[in-house]
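In: Here's a sequence, model it:
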Amino acid sequence: MNLNFARRIKNFCYVAACLLSVASFVLVETRTLCLILAVIVMAAGIVVSFGFYRCPSCKRPLPTNERLPKTCPHCGEALR
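Out: Residues are numbered from 1 along each chain as shown. Take a look at the predicted model:
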């Protein structure tokens with residue numbers, strides 16, 4: 001899995017989990033299901049973030065709170 005794809009998947013999972021959490025307040029009859037799905041989707045995003053969003057050279061995790069850097073902040077290797 002390349003870095004751009006991993007970044008897109010993790011961001012999608014985080015947004016989807018937030019939307020499911022908000023939906024649980026609106027859809028009262030399916031509140032439990034929405035919350036369970038939100039937890040599962042958030043866990044999937046965390047797994048992608050920790051498992052695949054890493055520098056291909058040094059295997060150290062990349063910062064998740066900003067855009068994909070052009071070089072690894074740890075080893076200086078080009079990422080794009």
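In: who touches residue 20 in this structure?
Out: 34, 35, 37, 38, 41 (C-beta atoms under 8 Å, 6 or more residues apart in numbering). All C-beta spots, glycine's among them, are computed from the backbone N, C-alpha and C.
In: Which strand or helix spans it?
Out: helix 3-26 (DSSP states H and E).
In: Next one: the spatially most central residue of the chain from residue 68, what distance?
Out: With distances taken as C-alpha atoms, centre = their mean, residue 10 lies nearest the centre of the chain, 2.1 Å away. To residue 68, residue 10 is 11 Å away according to C-beta to C-beta, to the nearest Å.
In: Now for residue 19, how many residues are close by?
Out: Residue 19: 13 surrounding residues under other C-beta atoms under 10 Å.
In: what's the answer for the one 4 residues further on, then?
Out: Taking other C-beta under 10 Å as the criterion, the count of residues near residue 23 is 16.
In: ok, back up a step: residue 51 is in contact with the residue nearest to the centre of the chain, correct?
Out: No - contact criterion C-beta atoms under 8 Å: residue 10 and residue 51 do not qualify, at 9.9 Å.
In: quick revisit: so for the helix holding residue 20, what's the average pLDDT?
Out: The average pLDDT for helix 3-26 rounds to 92.
In: Apart from its neighbours in sequence, what residue is nearest residue 27?
Out: Distances taken as C-beta to C-beta, 6 or more residues apart in numbering put residue 34 closest to residue 27, at 6.3 Å, once the chain neighbours are dropped.
In: cool, residue 54 as well?
Out: Closest residue to residue 54 apart from its sequence neighbours, by C-beta to C-beta, 6+ apart: residue 61 at 5.4 Å.
In: phi, psi of the nearest residue to residue 80 once chain neighbours are set aside?
Out: Nearest residue to residue 80, sequence neighbours excluded (C-beta to C-beta, 6+ apart): residue 70, at 5.9 Å. Phi and psi for residue 70, reported as degrees, to the nearest 10, are phi -80, psi -30.
In: Fine by me, we can end here.
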